[in-house]
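Novice: Mind folding the following:
(chains A, B, C and D)
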Protein chains: 2
Amino acid sequence: MARNIQSLERAAAMLRLLGGGERRLGLSDIASSLGLAKGTAHGILRTLQQEGFVEQDDASGRYQLGAELLRLGTTYLDVHELRARALVWTDDLARSSGESVHLGVLHLQGVLIVHHVFRPDDSRQVLEIGAMQPLHSTALGKVLSAYDPVAHSEVLEGERKAFTERTVCTLDDFEGVLDITRARGYAADVEETWEGVASIAAPIHDRRRMPVGAVGITGAVERLCREGELRPELIAAVRDCARAVSRDLGAVRF
Amino acid sequence: MARNIQSLERAAAMLRLLGGGERRLGLSDIASSLGLAKGTAHGILRTLQQEGFVEQDDASGRYQLGAELLRLGTTYLDVHELRARALVWTDDLARSSGESVHLGVLHLQGVLIVHHVFRPDDSRQVLEIGAMQPLHSTALGKVLSAYDPVAHSEVLEGERKAFTERTVCTLDDFEGVLDITRARGYAADVEETWEGVASIAAPIHDRRRMPVGAVGITGAVERLCREGELRPELIAAVRDCARAVSRDLGAVRF
DNA sequence: GGTAGGTGTTCGACAATGTCGACCGATGGA
DNA sequence: TCCATCGGTCGACATTGTCGAACACCTACC
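Specialist: Okay, the predicted model is just below:
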């Protein structure tokens, strides 16, 4: 039994299918997408539904993700060591920089946002906790790609899509960006992912000097840059925050 | 095959166990807690780990919840019809009332918070999306118990714990509270769950007049009450918001 | 109004599948 | 150093999940 449990893998694939594509999917769609018999797919869905991982629309009979996932997902945040240590430091960074702060970790082929502090003004902002960002174009992603070998191989294997005309896509250029990132100790994204938006990020290490995540600020390019250059005081603030969280992680044993 | 898939039920029980109890659990603890052989538990955990639902601490070998749950949980929010319709109305409610706004739906034996708008000031607040609230003591919970038959039976069967000395616990008294709630069309919680905190909530109905959730405000009892009574303008604001969301839901067909 | 094609669901037979318990090497506390 | 306990592995067994056909139901379209 060295292999993995088949029914569980299929159930996970169903959840990913429901989460990735359309809002709601019918049983036949799901079964054919995964290459399963309808009866088999139904059995798995029925169990997932009873456990709360999947809900079924009474009217149409279609399936969608269930509330239990939200409950467990936030429980994951509560347990998250890095996030707990970073809470207070990211608050300070948001206040001192005046920009929104993101804390990200490597997950699959991207950066999973595990904490998000709103920009300290009254503008309407959407919470991005739980969202994914690409590895090759964002500041958080570049930092992880530069310091985490797993992230590095993921970003090399994956497709590097051009979101704007400034996105670095070719392999050589991107490796150069990572070299610069390692040399400077931080990474930047000036309109490489979203038009008009820039970000700065620095790596967080644990007590064994292993990279465990990245923290950074994101905001309008006009605010983060001055005369075409990133404002040095913002870079310093981000790096100070990353160092503070790293120190916090290194001091604790569990 | 009228029964559910055994390995899936066991995997779900593991996730609930990991989410509910201690931060991290060892293989033997998990196996004995669920009454499984170690080998069986290991096979399930290995698959869950590969799918990202569970992570293993390298140093101690213990297991905890995985990042994929967070990603799928937020995807659930994106798909959530009620939440999407309510976003703009809850923002307005927070601004007009000056208090934090919660949107909740029935899940298991409690209220699952699916949206949370911070009180519009600069105080530090923690996000409560994904958290659970009790049915019998909070305004959101009372509204759901009064209007949703499923919630009603859940709250009758479950234990009604006394969080403060004002919590209504006995069956007769609680049924009286629900009668009043139905008669007035809203529910309140004045220091029945947390000392010094009050809340007001009203039900949201879909186009078939079925209750699908509740919306409410929460804040210091000194602000929500005046001369021992809930401020009428706040009650009106909450009910207006609930009606607006209900109308929004009723108008749309999908 | 009836039919045709779609849905989600149930059922029974089969064998592939997951389960069990003993065993292994590593770890760490006494 | 020893012993207890940890997580992980392996192979035999039969329980368990899988498959495909048939079912009831609904919608939409001739």
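Novice: Around DNA strand C, which positions in the stretch 1-150 of chain A sit nearby?
Specialist: Of all the residues in the stretch 1-150 of chain A, those in contact range of DNA strand C (Cβ under 7 Å from any atom of the strand) are A:1, A:3, A:5-8, A:26-29, A:38-39, A:42-43, A:45-46, A:56, A:61-62. Backbone N, C-alpha and C define where each C-beta goes, glycine included.
Novice: Now do the SS call for A:Arg85.
Specialist: Secondary structure, DSSP: H, G, I helix; E, B strand; the rest coil: A:Arg85 is helix.
Novice: element containing the residue of the stretch 51-200 of chain A found nearest DNA strand D, please.
Specialist: In the stretch 51-200 of chain A, the residue that lies nearest DNA strand D is A:Ala59 (8.1 Å; Cβ to the nearest atom of the strand). Using DSSP states H and E, no element contains A:Ala59; it sits outside every helix and strand.
Novice: Please state the backbone phi and psi of A:Asp189?
Specialist: The phi and psi values for A:Asp189, taken as degrees, to the nearest 10, are phi -140, psi 100.
Novice: May I have the predicted confidence score for A:Val150?
Specialist: Confidence at A:Val150, expressed as pLDDT, is 93.
Novice: Quickly find the element holding it.
Specialist: With elements taken from DSSP H and E, the one containing A:Val150 is helix A:149-157.
Novice: State the mean pLDDT of the next helix or strand after that helix.
Specialist: Towards the C-terminus, the helix or strand next in line after helix A:149-157, according to DSSP H and E, is helix A:171-184. The predicted model gives helix A:171-184 an average pLDDT of 97.
Novice: Wondering if the helix holding A:Val150 reaches chain B at all.
Specialist: No - Helix A:149-157 lies apart from chain B when judged by Cβ under 8 Å from any Cβ of the partner chain; the minimum separation is 12.7 Å.
Novice: Show residues contacting that helix.
Specialist: Contacts of helix A:149-157 with the rest of the structure, by Cβ atoms under 8 Å, 6 or more residues apart in numbering or on different chains, involve A:106, A:108-109, A:135-136, A:141, A:144-146, A:171, A:174, A:178.
Novice: Buried only: go through those residues for me.
Specialist: Of all those considered here, the ones buried according to neighbour count by 16 or more other Cβ atoms under 10 Å in any protein chain shown are A:106, A:109, A:135-136, A:141, A:144-146, A:174, A:178.
Novice: Provide the secondary structure category for A:Glu55.
Specialist: For A:Glu55, the reduced secondary structure class is strand; criterion used: three-state DSSP.
Novice: how about the helices of chain A, start to end?
Specialist: For chain A, the helices identified by DSSP state H occupy A:6-20, A:27-34, A:38-51, A:67-79, A:81-97, A:139-147, A:149-157, A:171-184, A:221-224, A:232-251, in order along the chain.
Novice: Can you say which of those is packed in most?
Specialist: By mean neighbour count, with neighbours taken as mean count of other Cβ atoms under 10 Å in any protein chain shown, helix A:139-147 ranks first of the helices of chain A at a mean of 29.
Novice: so which residue of the stretch 101-250 of chain A comes closest to DNA strand C?
Specialist: Nearest residue of the stretch 101-250 of chain A to DNA strand C: A:Arg208, at 13.8 Å (Cβ to the nearest atom of the strand).
Novice: separation between that residue and A:His107?
Specialist: When Cβ to Cβ, to the nearest Å is applied, the distance between A:Arg208 and A:His107 equals 20 Å.
Novice: before we move on, what about A:Ala11?
Specialist: Here A:Ala11 is placed at a distance of 19 Å from A:His107 (Cβ to Cβ).
Novice: what do you get for A:Pro211?
Specialist: Using Cβ to Cβ, one obtains 14 Å as the distance from A:Pro211 to A:His107.
Novice: Please name the residues that touch the residue positioned nearest the centre of chain A.
Specialist: Among the residues of chain A, A:Leu112 comes closest to the average C-alpha position under Cα atoms, centre = their mean, at 1.6 Å. By Cβ under 8 Å, 6+ apart, the contact list for A:Leu112 reads A:104-106, A:130-132, B:67, B:70-71.
Novice: My read is that A:Val143 contacts A:Ile200, right?
Specialist: No - between A:Val143 and A:Ile200 there is no contact under Cβ atoms under 8 Å: 9.6 Å.
Novice: Report the set of residues contacting both of those two.
Specialist: A:186-187, A:216.
Novice: Most neighbours among those residues, please name it.
Specialist: For the shared contacts of A:Val143 and A:Ile200, the largest neighbour count, defined by other Cβ atoms under 10 Å in any protein chain shown, is 31 neighbours, found at A:Gly216.
Novice: Quick check: bridge partners of it?
Specialist: A:His102, A:Ala201 (DSSP bridges).
Novice: so how far is A:Thr47 from the residue lying closest to A:Leu36 once chain neighbours are set aside?
Specialist: The spatially closest residue to A:Leu36, leaving aside those adjacent along the chain, is A:Arg10, at 6.8 Å (Cβ to Cβ, 6 or more residues apart in numbering or on different chains). Distance, A:Arg10 to A:Thr47, using Cβ to Cβ: 11 Å.
Novice: just A:Ile217 next, same as before
Specialist: Using Cβ to Cβ, which is the criterion applied here, A:Ile217 is 44 Å from A:Thr47.
Novice: rewinding a little: closest one of the shared contacts of A:Val143 and A:Ile200 to A:Lys161?
Specialist: A:Ala187 (18.1 Å; Cβ to Cβ).
Novice: which ones are touching A:Leu25?
Specialist: Counting by Cβ under 8 Å, 6+ apart, A:Leu25 touches A:17-18, A:33, A:62-64.
Novice: before we move on, what about A:Asn4?
Specialist: Contact analysis of A:Asn4 by Cβ under 8 Å, 6+ apart lists B:43, B:46-47, B:50.
Novice: These also near chain A: which ones?
Specialist: Among those, the ones lying near chain A by Cβ under 8 Å from any Cβ are B:43, B:46-47, B:50.
Novice: Also within reach of DNA strand D: list those from the residues you listed.
Specialist: Restricting the ones next to chain A among the contacts of A:Asn4 to those near DNA strand D - Cβ under 7 Å from any atom of the strand - leaves B:Arg46.
Novice: Export the ones next to chain A among the contacts of A:Asn4 to JSON lines and append columns for pLDDT.
Specialist: As requested, the ones next to chain A among the contacts of A:Asn4 are arranged in JSON lines below (pLDDT from 0 to 100):
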{"residue": "B:Gly43", "pLDDT": "90"}
{"residue": "B:Arg46", "pLDDT": "90"}
{"residue": "B:Thr47", "pLDDT": "92"}
{"residue": "B:Gln50", "pLDDT": "90"}
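Novice: Make JSON lines from the ones next to chain A among the contacts of A:Asn4 and add distance to B:Phe163 to it.
Specialist: Formatted as JSON lines, these follow (distance: Cβ to Cβ, whole Å):
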{"residue": "B:Gly43", "distance to B:Phe163": "41"}
{"residue": "B:Arg46", "distance to B:Phe163": "40"}
{"residue": "B:Thr47", "distance to B:Phe163": "39"}
{"residue": "B:Gln50", "distance to B:Phe163": "41"}
